[in-house]
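Student: Sequence and computational prediction follow.
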Amino acid sequence: MNVLEFTALVWTGSVIAGLLGSLTGLGGGVVLVPLLTLFFKVDIRYAVGASLVSVIATSSGAAAAYVKEGFSNIRIGMFLEIATTVGALLGAFLATRVSGSAIATIFGLVLLYSAYLAGRPRVRHAFDDVPDPLATRLKMNGSFPEAEGVRHYCPHRVPMGFSLMFGAGALSGLLGIGSGAVKVLAMDQAMRIPFKVSTTTSNFMIGVTAAASAGIYLSRGYIDPGLAMPVMLGVLTGSLVGTRILVKAETKSLRLVFSAIILLLGAQMLYNGLAGRI
Amino acid sequence: MSRQTRWTDQKVEDIIGNLLRAGVILSALVVCVGAIVYLARHGQEPADYRIFRGEPSDLRHIDGIVRDAFACQGRGIIQLGLLLLIATPVARVAFSIFGFALEGDRMYAGFTLIVLAILLYSLLGSSLS
């Protein structure tokens, strides 16, 4: 395969990954690394570097649209970014220390867990309006526009959310993914922030988290321009198209298909990682 | 009150939204230019990413990337575009400090400064030396 054919194929694969990632809200990163390592036989370190770059592109592109709608909470995002960026630094340092097989094994486990989270119906919890003292001191209480009017919310369990965010950052730095699923879990389930605010704020945070590990990836030579170019341009194209057709698409069945794909890829990554083939 | 109506969260977020969009578009354009140069010169060569060698040192550091890009090397131009992309969230965080300071929110200006320091440590601390 020559460079031209390789670029065209990787670009096509990345468009599909970006499209599926934005339609299901799970992000393109989770399928990109398995796609590059299992099908294109790319070394996992190059794959993780290219994926991380594409994560910054989609997050920044989508966040540009979200911040204007007034759903994301910039204060919650910024405070939690302290945890995700420190975690991302740690994850990126770890990535340069452990073997490719270890990264593949952890990646496989994360994929299996993501498939479980995506396939499971979301637990809706009652919101109470009793403000949490710590969240109030941190000025995290907010509101967002809804059909029935402005809705107010008060986040809870800030320390737990902060710790989970540290873990999300470490995974992001180690695996080159946005780890949006863990971020939403931390905000939606642990901190009891409304789902819409959680997802948009998470998206806002992903780019900053990824930028924290990108510097280390760059200086360690993980970011190859020839590979990152079709991946970044492809994922960006796919996710832009995805956000345009999001309203029309039947996302429920799509989510099911996507989680089945993730499940398969996760099992493959886990197997290849444990067998030492990656 | 006049200061608050001029610098509300929404206004700051609008500017941040535009900043992010501009950063992504600019970096994608630079990457496209680099891609054309790279593919025109090296399109027929074999592609092999099976074995990790790591990038040559000029593509790992900011000064080397800028030098290669201005020497019209395709890979250097692409890497410059990727560097602009990485810098976009950093610029966003830097602008947020300014936004919080204008709103008079010292606590959040402080938090944001911590985030910026971590980002700059990663980007400059490890790739300049």
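Tutor: Great, that's in hand.

Student: The chain: helices as residue ranges?
Tutor: All of this is about chain A. Listed in chain order, the helices of chain A (DSSP state H) span A:3-24, A:29-34, A:44-69, A:74-97, A:100-119, A:133-137, A:158-175, A:180-184, A:195-219, A:225-245, A:251-274.

Student: wait, chain B
Tutor: Under DSSP H, chain B gives helices at B:2-6, B:9-42, B:62-70, B:74-103, B:106-120, B:126-127.

Student: most neighbours per residue, which of those?
Tutor: By mean neighbour count, with neighbours taken as mean count of other C-beta atoms under 10 Å in any protein chain shown, helix B:74-103 ranks first of the helices of chain B at a mean of 23. Every C-beta, even on glycine, is put in place using the N, C-alpha and C of the backbone.

Student: So which other helices or strands are in contact with that one?
Tutor: Using 3 or more C-beta pairs under 8 Å, 6 or more residues apart in numbering or on different chains; DSSP states H and E as the contact test, the elements touching helix B:74-103 are helix A:44-69, helix A:74-97, helix A:195-219, helix A:225-245, helix B:9-42, helix B:62-70, helix B:106-120.

Student: the bottom helix or strand of chain B by mean pLDDT?
Tutor: Between all helices and strands in chain B, the lowest mean by mean pLDDT, DSSP states H and E belongs to helix B:2-6, at a mean of 48.

Student: Export the helices of chain B to TSV and append columns for distance to A:Phe40.
Tutor: As requested, those are exported to TSV (distance: least, C-beta to C-beta, whole Å):
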stretch	distance to A:Phe40
helix B:2-6	52
helix B:9-42	17
helix B:62-70	25
helix B:74-103	18
helix B:106-120	31
helix B:126-127	27
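
Student: Relative to B:Ala40, how far out is A:Phe204?
Tutor: Distance from A:Phe204 to B:Ala40, counting by C-beta to C-beta, to the nearest Å: 38 Å.

Student: Equivalent analysis for A:Gly61, please.
Tutor: A:Gly61 sits 27 Å away from B:Ala40 when distances are taken as C-beta to C-beta.

Student: that older thread, tell me which of the helices of chain A approaches B:Val33 most closely.
Tutor: Nearest to B:Val33, of all the helices of chain A, is helix A:225-245, at 10.7 Å by C-beta to C-beta.

Student: okay, now residue 56: neighbour count?
Tutor: No chain specified, so I'll use chain A. Neighbours of A:Ile56 under the rule other C-beta atoms under 10 Å in any protein chain shown: 27.

Student: Not quite, go with chain B.
Tutor: The burial metric for B:Pro56, expressed as a neighbour count using other C-beta under 10 Å, is 11.
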